[in-house]
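**Student:** Here's a sequence, model it:
(one chain, ligands or ions: 1)
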Amino acid sequence: MSDSTAPASTFPRRIAEALLDVFFPRQCLIFGISTEDSPYRFISKKGYSALRFIGENACPACGAPCAGIVAERGQCVFCRNRKFYFERSRSLVVLDDVSSRLIHAVKYRAFHAAEADMAKMLAETEFFEKYFSGATLVPVPLFHTRENKRGYNQSRILAEEIAHRIPGTQVELLLKRSRDTGTQTLLSANSRKVNVRGAFYVPEKIKPRISPRTRYIVLDDVFTTGSTLSECARALKKAGAKIVDAATFAHG
Ligand SMILES: [Zn+2]
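**Tutor:** Just a heads-up that it's a prediction; the model follows:
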């Protein structure tokens, strides 16, 4: 979907966009060059071309690019011995040096405004437009002290930017994180699984909002081992959800 068919910009949104230019000058977060000729505010044409898009040739379970991996029973080599609580997960790009520059800027340099670009890329992809359409997006929550420190939850902003672009898609903050699971970057796949086990829940007062007929999509910026997304799906199902998928911007 192009911006011309997106919901008309409201006055507050136009002000917000004008302020963006002041606080977040238009510059490619991947290559540091101008984005003047690009349809994206923070991704230049060169940056866009350098991203490795996964496309539809992906593992049906985890969304890993299947090229080069011998798929067995329709799954990638990593999914043979693992089980997720979500039905399937999909990612737009491969997590590599290029996409990680973008994700790092969003997460640690407060360039959360770039999530509008990431959402635009997702929404303009035919597959993702269909994948998200009509679904309720549930961002992976941060532990409250971490969110207070950062000032925002990057997954929530991404979810809201996607919902703004795809009609019939909404965002619900259904999950809470019961403890700070720390950074998982240096943990092995198994340690990550243990680390996030039981770390998410749906608060009692929110449970009545969960419908077995609604399709939920747990949303995060990066798919690494799938443990976090799977635990989020488990918590939603425990609270009454029946259809739970997952999606991330990058897969690494
Ligand atoms: Zn897989």
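
**Student:** what residue ranges in the stretch 101-250 of the chain score low on pLDDT?
**Tutor:** Applying pLDDT under 70 to the stretch 101-250 of the chain flags residues 186.

**Student:** Which residues of it lie near the ion?
**Tutor:** Taking Cβ under 5 Å from the ion as the criterion, the ion has no neighbours within the stretch 101-250 of the chain. From N, CA and C alone the C-beta is placed, and that goes for glycine too.

**Student:** Report the closest residue of the stretch 101-250 of the chain relative to the ion.
**Tutor:** Per Cβ to the ion, the residue of the stretch 101-250 of the chain with the smallest distance to the ion is Gly226, at 8.2 Å.

**Student:** so who does that residue touch?
**Tutor:** By Cβ atoms under 8 Å, 6 or more residues apart in numbering, Gly226 lies in contact with 62, 82, 84, 89, 246.

**Student:** State the distance from it to Ser34.
**Tutor:** From Gly226 over to Ser34 the distance is 37 Å, taken as Cβ to Cβ, to the nearest Å.

**Student:** Then Glu126?
**Tutor:** Distance from Glu126 to Ser34, by Cβ to Cβ: 29 Å.

**Student:** Which one of the two is surrounded by more residues?
**Tutor:** Ranked by neighbour count (other Cβ atoms under 10 Å), Glu126 and Ser34 place Ser34 first, with 12 against 9.

**Student:** before we move on, the earlier item: so what does the residue of the stretch 101-250 of the chain closest to the ion look like in phi/psi?
**Tutor:** Here is the backbone geometry of Gly226 (degrees, to the nearest 10): phi 90, psi 0.

**Student:** all helices for the stretch 101-250 of the chain, in order.
**Tutor:** In the stretch 101-250 of the chain, the segments counted as helices under DSSP state H, counting those that start in this stretch are 115-123, 126-132, 144-150, 154-165, 189-196, 227-238.
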